Structure formats: C-alpha cells, structure tokens
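Trainee: Please find the sequence and the predicted model below.
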Protein chains: 2
Amino acid sequence: MDISAPTRVRIEPAFLDALTRRFGEQCHTSQGIRDQHGASESHFAPMPPDAVVFAQSTGDVVDLVNLCRDHRVPIVPYGAGTSIEGNALAVRGGVAINLSRMDAILAVNVEDFDCTVQAGCRREELNLHLRDQGLFFPIDPGANATIGGMASTRASGTNAVRYGTMREAVLSLTVVTPQGQVVRTARRARKSAAGYDLTRLYVGSEGTLGIVTEVTLRLHPIPEQISSAVCPFDTLQGAVDTVVQAIQLGVPLARVEILDAMQIRAVNRWSKLTLTETTTLFFEFHGSATGVTEQIETVEAVAAGNGGGTFAWSHLTEERNRLWKARHEAYYAAVNLRPGAVGWSTDVCVPISRLPNCIVETQADLASASVPATILGHVGDGNFHVIFSIDPTAPHEFAEVAELNRRLVERALAMDGTCTGEHGIGLGKQDWLVAELGDAVDVMRTLKRALDPDNLFNPGKIFAL
Amino acid sequence: MDISAPTRVRIEPAFLDALTRRFGEQCHTSQGIRDQHGASESHFAPMPPDAVVFAQSTGDVVDLVNLCRDHRVPIVPYGAGTSIEGNALAVRGGVAINLSRMDAILAVNVEDFDCTVQAGCRREELNLHLRDQGLFFPIDPGANATIGGMASTRASGTNAVRYGTMREAVLSLTVVTPQGQVVRTARRARKSAAGYDLTRLYVGSEGTLGIVTEVTLRLHPIPEQISSAVCPFDTLQGAVDTVVQAIQLGVPLARVEILDAMQIRAVNRWSKLTLTETTTLFFEFHGSATGVTEQIETVEAVAAGNGGGTFAWSHLTEERNRLWKARHEAYYAAVNLRPGAVGWSTDVCVPISRLPNCIVETQADLASASVPATILGHVGDGNFHVIFSIDPTAPHEFAEVAELNRRLVERALAMDGTCTGEHGIGLGKQDWLVAELGDAVDVMRTLKRALDPDNLFNPGKIFAL
C-alpha cells in the first residue's frame, strides 16, 4: 500500500460551478481552508481536499452526496479534525464536508437517559448542557471531538472501563447513504432485536459507508460522589495487577489510567505538576458516598499488596479537573518533550492478562529509541498508547518510529490483541487490519462495495479497494 | 407477505445422496426428526426441513454449506429450538443444521473475564462450569438456549438492565459464510477500532448472513452479595416510577421484572407460590454486602413513595433460585392458564418514560380479549412481553390475537419504540420491521444480497427478498 502517492481524482470545473451554485458561501476553495482540512494532529503528510463545504443540515449533506455521486467526486466527512490515524485526510482529493456547524442539541430526554444531537456537537459542550439536568455523557477520548466523529471512529477513552465505548453509547444514528438516502438506524428504545444492527455497522466505519448527521446517545446520571486519586508504583506489573485484582473483586472502577515514568515527566513539565516520575495509576471512583468509600478502601488495600505508594486524593471538583486536564493533555505534553516536534500516536489493545508483558516488552524496545516515547493507557481495557515526539526535519526518525510501531502492533497481535483499540484504521493501520482479521476483511470489502459501489465515501480509508 | 404457503425448494435425490455420503449417521431424514426441527415453541404452523444434519465441528458446517451452495439448497441453523418468532423454521425446506452437539467450552480466561464456547453450548451448562472460577455469564433469556442461538437472535432477558444484551456480551464470533469461508470477527481484546464491527453485524442476524460456530463472551465476577425481593404495587405507574427513580438515583439494579396481576395468578398456579395477585416487581441486587444494603434501602424508600407494599426478601441462594425459577417459567405458566393451549408470545420495547402508558393502554386493550393474556417485562429496559394462551382448534382466536398483537406493536412504534426488544423478527414481525425502520431496511437487504447472493442462509427470515 503506497499512501504517499495516492491518485487524486480530477475535479471538473463544472462540478465546482455546481457546488458553488448550490452552497454559495458554505463552499470554500481557498488554499488556507483546504490546507486546514488536509492536515491532521498526527504525522501524516498533508492531503487537502479540492473544496470544503460547511453543512448546516442533513438536507445539505444529501445534496452534496448527490452532487458528488453524479460527478464521481470523493467526499470526506470532517468533524473537529482530532483523529490521529489520518482518518479524515482527503487521500484522493474531492470535497471535505465539515459538519462542525451542525452542532445543535436536538433533544434531551431526562427520564429516558438519552439525548439526540447533530453530528457536529462536541462532547464538552454536550456535557456542559447536560450538567444542570443531572446527567452526563461519559465517553471521553481526551480531545474535544465531535460526537459524529467519535461515532465514526468508535472512540472510547478514559471512562470506557465502566461505561463502554461509542459502540455501547450510541442508541441510533441518522446517516446519509452513498445513494443519498437518509436512514435512521434504530428507534429510541434502549434495546432492539429488529433486524441487522446498522447502528453498530456505521459506528467505527470512519465515514466509508455513510455520513452520520445525527446521533442519539445513552446518558448516565451524574454520580453522587466522584473521587480521584494518583498512586505511584514500584513496578509496572504491580500497577496492572492492582487493576486486575480490583476488577475481580467487583470494584466498578470509573477510570483507571496508567502513565509510565517518561509520560509523568512530560505531564509534570507541561501541566506544572510535581508527581513522582515512576509508573503511576490515575483512578476515578463513581458511586454513592458509602460506595466510593468502600471502593477506595478495597483499591488501597490491593495496591498496597502490589508495591503501590501513597494515594494522593482529590475529592473536590477543581482538584479533580486539574488532574484529568493534565491526563487529557498528555498527548501534547509528550509531543512537546522536544520543541518543534510532531507527534505520532499509536494504540493497541490486548487481553488484560497480557498487558504487563506487552507494556514491559514495549518499554524495553523503546529504551534504545533515538526519539522520546511515552506510554499511557486505559489499563482496565488492556488498551495503551505510545506517543513519539519526532523531529519533522529528520526522515530517519519517521522510519525508526514506523519500525517501532510495527513491532508494537505485531507484539499485540501475537497476544490475541488488536492493532487499534480506539484510534481506528484510517491510513496508518491498514496492513495490520488484514494481519489481525484475515478473511474477515474480505467480508468488510464486500460490505463496502455493496453500500458504496462507486467508492466515493472517504475512499482509501480502512482498506484500499 | 404470505408465510402460510411458502415455496419449498425441490430437493434432488443426488443432493440427499451426497449429504448421506458426507455425513453418514449425522444426517437424518426421518419424519420424526424433521418434524421436531420444523416445530417451534410458539404459534407458527410446522415447517419441517427436508433433512437434519448434526454438526460436530466447524469443518462439518463448512462442508454442509459448500454442499448446499452447490445444489442451491437452503440451510437453517438450529440450536435449542427455543426461539419464539419462528426464527428457526424451514420456510423453504432444505437442511436444518443442528449445532447442539457442538457444545464444548473451549477456553475460560479467568484473568481476562472471557471464555470461548462452541455455538451449541447452553447458557446454564456454561454457568455451572464457570461457578467454581468465581465468574458468571449474565445474559438470561429465560429458556436454556444455546449461546449460538442467543447470539444469532441478539437475546437479552432479565439481567440486561445491568449487564447489557448479547450485543454487549459477545467479544468475537467464528462464522461460516455462505461462501464457505471461516471468519473470526475480532480478537480477544475487550475493545477494538479495527474496521467494521462484524461481530455486531452477525449478532442478531438470525443466521441469514452466516452460521455462528464459536462465540467468545465477556464474563463477570460473581457478586459478593446477591439479594432478591418481591414487591406488590397498587398501580402500574407506581411500579414503573419506582424503577425510573431508582435508576436516576444511580442504583445499579441487576434485575427488575414487572408481572401484571394475571401473570402473578399464572405463576402462583404453575409454581405453587402465594404472591398477592397484583402488579408486582421482582428485584435482584448485586454488589458488596454494604453496597447491596444501600441499594435495598434506597429502593425500599422509593417504592414506599410510589404505593409499593412490603418487600419479601430472599438472601439465600435456594429461596432466590425458587423465585427466579418461577419467573423463568412464566411463559409456560401463562400458556397453561388453559389446558391444552398453545402460546403466542410477543414483545416490544419503548423508551422507559413511555412504558407506563404503553402497558396501561395494552392492559385496557387486553381486558376485552376472549383469550387469557399476561404481561411481564424487563422494566429497566422498557421491554415487555404479552403472552396469549390460545385454543389450537379455534382459528378465530389466532385472528383475534394477531389483531391484538398488531395494535400492541403499532402502539410501541408510535412511542418511538421497537417492534421487538429481544425475540427478533423471524417470521412474525417482518411487516413491522419496515414500519419501524423504513429505508434502513433497504440497507439491510443490500447487505443480505451482498453476503448471501443465492439467498440460501435461513431464507425468508427478517424479510422476504
């Protein structure tokens, strides 16, 4: 797969004319805006679209899809641009459809613990809106991504150990198909056995099968008590064992994040903290006051038996937010270990029993790397990230990181893990998707060809056809 | 849709010869075994297959699929035969593939909280096997169904409010495709963003896209404390409000079942209990000893404020099992309100805020029915069943029940609900699938045609092509 020299589609002036006629000032072809939509937060070369359309309604999306289909022009959905496997880059050119102006919260059904939002709504804004109603939306990938983007990449993040991922959080989607049909994938009932699970088919399909315009989400009551803590560990094995044992004891951990010594160093520097620079767990507990106290007692006892140090507690919202803000900025902290560096973030997920081995072997492999690399992860899920800080003017560093990444993914696959726990396949993990799932990828290709026969929806992502 | 006179495929003697040659004593064409596989637990007319093959390995399934494809013969997967929308009936004849002999538990990974079983393994046997390891598999549709069948119909049941449905419980599947390929849909990692979610596509597809031969399941630690209780209510609204308020207060209810007065009468008679014959909630609480005590205090207080009576508690395993055995036999109890009757069980699921209205209106509609009908449901999910007890010699009763069922489903759809929460579409809900999801059903048909172009896998189910 040579993604460095993709074949860009030739755009006819007649198409651009039609686009401008229909979309007027919603349509942009200036270099600046095209470049902005052709860049990513990660290490991929820029791949700008030929035009950018800011959609304001599902009707806009339908019209754009029909125009693009008539002219055989690729169409790439774009939300907040925070994905990190090149998921929204215009490999073959065409039109980027920016959904960020479709950010309305259409309905909140407090008694049903659900809401419906437009795809461009961002998760932080949604949670601000929900707060006064005693509800929250737990899926938290770090970045303030759009809900549509999170659905399309099957995002998860720090709360997934307790609340699941976008796979569990999405009740229903409104999707525009490559044929320009608007379909709603499910009703608002919490469960259904009515036919094929189209909701889950579109969740994680990275815009290659349809464009998500509305999302109905499951919500959760804000817990009575939320407490966070940080605990340093002598060894990585001790940290992971603590988590496994706590889960076995039935502790409903809400968040449990692992940061290695290098990542703690980066966080200390970036967020002005003074944590001990060793393997550390960040915990969050949700429940009733009594329940949280009980969870804490159990976890402290388990940690003490596994070489854990003293727990530093934050029961107050402000302290807690400071801690999690530092965790959320871990990516930027890691990249900025070197001034002017670009980031390359990769992720794998393995059965939790294999996590200590997987991380220890990865640390050993990173020890001799010539670029800084940090490890942080969602221990309860067996999912972790490696973030590399690369000198953009040094091609050999990219080659070295590519090789480290290859070994990481192959290590995870050998442990019955996946090449990506939450970033998606995008451009970066295509070869390993086949290594991971073999003939199942043939089934995926069959689905893609059936639903998008002209290969116009985010072409070149997940797999080349 | 006329399912009463389906077109049966003509089976050539050459095919039966080839079948016998390959499968020997695993292949049966006797009337008795064909009739057994052509009957269902519900009200559908018998639709026997032309032959039954007892598979003993994934290799057997592959060979049968290839034989059937070469001869254009339909193939219908069969587990425990406990589905109730006609999901496993041989509408067009062909071969029923009975997977019940593929019942091995292939692996239990205690530390990873997962296991892998063959499709024919039954849920009760799995839980017996897991018990000593401190783990359990929570999905509980009542009947002792096979895991493969439960995956294929997206089963859920009494524990879904806390632990989710088969959608959440299945980590990975081994599936034989209509092309005879064996695909594994995912690795054993708890989450993945690697391509399309084939696991969820096959879960609930009722054997129309592939035949499930192995299932990897998420497991849960057996809670330290389990307590059950029964509470009678003055009104249905009071019972449902109790559940909604408890969930809003963050009580992690493990089970909460509603039974109407008629269902309680049936249960009393069938299971020799002496419950007050009024709307009743069956609860189960899971957690630490302290946690369960706290949950109980909260729920008792909420119930008291909503017209709930005294809670009758079962903290002991034996009492608890007696209670839940009665709940699990509710279907047989309801059908046997009349001697010699046949059952017709239907289910819908609505947003929980609409549940009181939906049940009250349904009760009013049932009040004038000439056949006994009971209501029971999974309140926390908004899902409930109506079970009719029909005289098999009285065609007008079938017609009356069909009409009551139509009104029930249309009531649920009008409330943004689904025509089936957990039974599946099978033969019984096909028209309403279209009423519920509109153009989305076109997308489903496209998927079916792409994956099973000859329409040989459980043809005539979910939709006629």
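Mentor: Perfect, thanks for sending it.

Trainee: Count the neighbours of the residue in the stretch 201-350 of chain A positioned nearest to chain B for me.
Mentor: Per CB to the nearest CB, A:C349 is where the stretch 201-350 of chain A lies closest to chain B, at 4.0 Å. Any C-beta I mention is one placed from the backbone N, CA and C, and that applies to glycine too. Under the neighbour criterion other CB atoms under 10 Å in any protein chain shown, A:C349 is assigned a count of 30.

Trainee: where's the nearest residue to it once chain neighbours are set aside relative to A:R154, distance?
Mentor: With sequence-adjacent residues excluded and distances taken as CB to CB, 6 or more residues apart in numbering or on different chains, A:C349 is closest to A:G421, at 3.1 Å. Counting by CB to CB, to the nearest Å, the gap from A:G421 to A:R154 is 10 Å.

Trainee: Overlap in contacts, those two.
Mentor: Residues touching both A:G421 and A:R154 by CB atoms under 8 Å, 6 or more residues apart in numbering or on different chains: B:S192, B:A193.

Trainee: Report the next helix or strand after whichever strand or helix holds A:S227 in sequence order.
Mentor: Assigned by DSSP states H and E, A:S227 belongs to strand A:225-232. Next helix or strand after strand A:225-232 toward the C-terminus (DSSP H and E): helix A:236-248.

Trainee: what is the orientation angle of the helix or strand following that next one with helix A:236-248?
Mentor: Downstream of helix A:236-248, the next assigned helix or strand under DSSP H and E is strand A:255-259. Strand A:255-259 and helix A:236-248 meet at an angle of 170 degrees, taking axes from the mean of the first three to the mean of the last three CA atoms, to 10 degrees as the criterion.

Trainee: and strand A:255-259, what does it pack onto?
Mentor: Using 3 or more CB pairs under 8 Å, 6 or more residues apart in numbering or on different chains; DSSP states H and E, the elements in contact with strand A:255-259 are helix A:160-163, helix A:236-248, strand A:280-287, strand A:373-378.

Trainee: For it, which strands pair with it and how are they oriented?
Mentor: Applying DSSP bridges, strand A:255-259 is found paired with strand A:280-287 (antiparallel), strand A:373-378 (antiparallel).

Trainee: which is the next helix or strand following it?
Mentor: Toward the C-terminal end, the helix or strand that comes next after strand A:255-259 (DSSP H and E) is helix A:261-271.

Trainee: before we move on, the earlier item: mind putting the helices and strands packed on strand A:255-259 in JSON lines, mean pLDDT and mean neighbour count included?
Mentor: Below are the helices and strands packed on strand A:255-259 laid out as JSON lines (pLDDT from 0 to 100; neighbours: other CB atoms under 10 Å in any protein chain shown):
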{"stretch": "helix A:160-163", "mean pLDDT": "95", "mean neighbour count": "22"}
{"stretch": "helix A:236-248", "mean pLDDT": "90", "mean neighbour count": "22"}
{"stretch": "strand A:280-287", "mean pLDDT": "96", "mean neighbour count": "25"}
{"stretch": "strand A:373-378", "mean pLDDT": "95", "mean neighbour count": "25"}
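
Trainee: would JSON lines of those with distance to A:T116 be doable?
Mentor: Formatted as JSON lines, these follow (distance: least, CB to CB, whole Å):
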{"stretch": "helix A:160-163", "distance to A:T116": "19"}
{"stretch": "helix A:236-248", "distance to A:T116": "33"}
{"stretch": "strand A:280-287", "distance to A:T116": "25"}
{"stretch": "strand A:373-378", "distance to A:T116": "27"}
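
Trainee: Of all those, which one comes closest to B:R354?
Mentor: The minimum distance between B:R354 and the helices and strands packed on strand A:255-259 falls on helix A:160-163, with 24.3 Å, by CB to CB.

Trainee: Is that closest one in proximity to chain B?
Mentor: Yes - residues of helix A:160-163 contacting chain B under CB under 8 Å from any CB of the partner chain: A:A160.

Trainee: So for stretch A:58-78, what gets flagged as buried?
Mentor: Using 16 or more other CB atoms under 10 Å in any protein chain shown as the test for burial, stretch A:58-78 gives A:58, A:60-65, A:67-69, A:71, A:73-78.

Trainee: give me the subset of those residues touching chain B.
Mentor: Answer for those near chain B: none qualify (CB under 8 Å from any CB).

Trainee: Of the residues you listed, which belong to strands?
Mentor: Counting by DSSP state E, those place A:I75, A:V76, A:P77, A:Y78 in strands.

Trainee: In chain A, which helix is the longest?
Mentor: Secondary structure of chain A per DSSP state H: the longest helix is helix A:395-414.

Trainee: For burial, what's the neighbour tally of A:P356?
Mentor: Neighbours of A:P356 under the rule other CB under 10 Å: 19.

Trainee: ok, it - contacts?
Mentor: Contact analysis of A:P356 by CB under 8 Å, 6+ apart lists A:L236, A:Q237, A:V240, A:D241.

Trainee: Relative to chain B, how far out is the residue lying closest to the second one once chain neighbours are set aside?
Mentor: Looking back up the chat, that one is A:Q237. Leaving aside its chain neighbours, A:Q237 sits nearest to A:P356 (4.7 Å; criterion: CB to CB, 6+ apart). Relative to chain B, A:P356 is positioned 11 Å away (criterion: CB to the nearest CB, to the nearest Å).

Trainee: can you pull the pLDDT of A:I3?
Mentor: On pLDDT, A:I3 comes in at 46.

Trainee: Am I right that A:V117 falls within a strand?
Mentor: Yes - read with DSSP: H, G, I helix; E, B strand; the rest coil, A:V117 is one of the residues of a strand.

Trainee: surely it meets A:T213?
Mentor: No - with contact defined as CB atoms under 8 Å, A:V117 does not reach A:T213; the gap is 10.4 Å.

Trainee: ok so, going back, mind putting the strands paired with strand A:255-259 in a markdown table, distance to B:P48 included?
Mentor: Formatted as a markdown table, the strands paired with strand A:255-259 follow (distance: least, CB to CB, whole Å):
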| stretch | distance to B:P48 |
| --- | --- |
| strand A:280-287 | 53 |
| strand A:373-378 | 51 |
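
Trainee: Among those strands, which comes closest to A:I33?
Mentor: strand A:373-378 (33.1 Å).

Trainee: chain center to the closest one: distance?
Mentor: 15 Å (CA atoms, centre = their mean, to the nearest Å).

Trainee: Likewise for stretch A:342-362?
Mentor: Its chain's average C-alpha position is 16 Å from that of stretch A:342-362, according to CA atoms, centre = their mean.

Trainee: what does stretch A:78-89 give?
Mentor: Stretch A:78-89 has its C-alpha centroid displaced from the chain centroid by 9 Å (CA atoms, centre = their mean).

Trainee: buried set for it?
Mentor: Within stretch A:78-89, the residues scored as buried using 16+ other CB under 10 Å are A:Y78, A:G79, A:A80, A:G81, A:T82, A:S83, A:I84, A:E85, A:G86, A:N87, A:A88, A:L89.

Trainee: And the closest residue to the fourth one other than its chain neighbours, how close does it get to chain B?
Mentor: Spelled out, that is A:G81. Leaving aside its sequence neighbours, A:G81 sits nearest to A:A88 (CB to CB, 6+ apart; 6.3 Å). A:A88 sits 14 Å away from chain B, going by CB to the nearest CB.

Trainee: Using the three-state scheme, assign A:A88.
Mentor: Counting by three-state DSSP, the backbone at A:A88 sits in coil.

Trainee: pretty sure it contacts A:L99?
Mentor: No - counting by CB under 8 Å, A:A88 stays clear of A:L99, with 10.7 Å between them.
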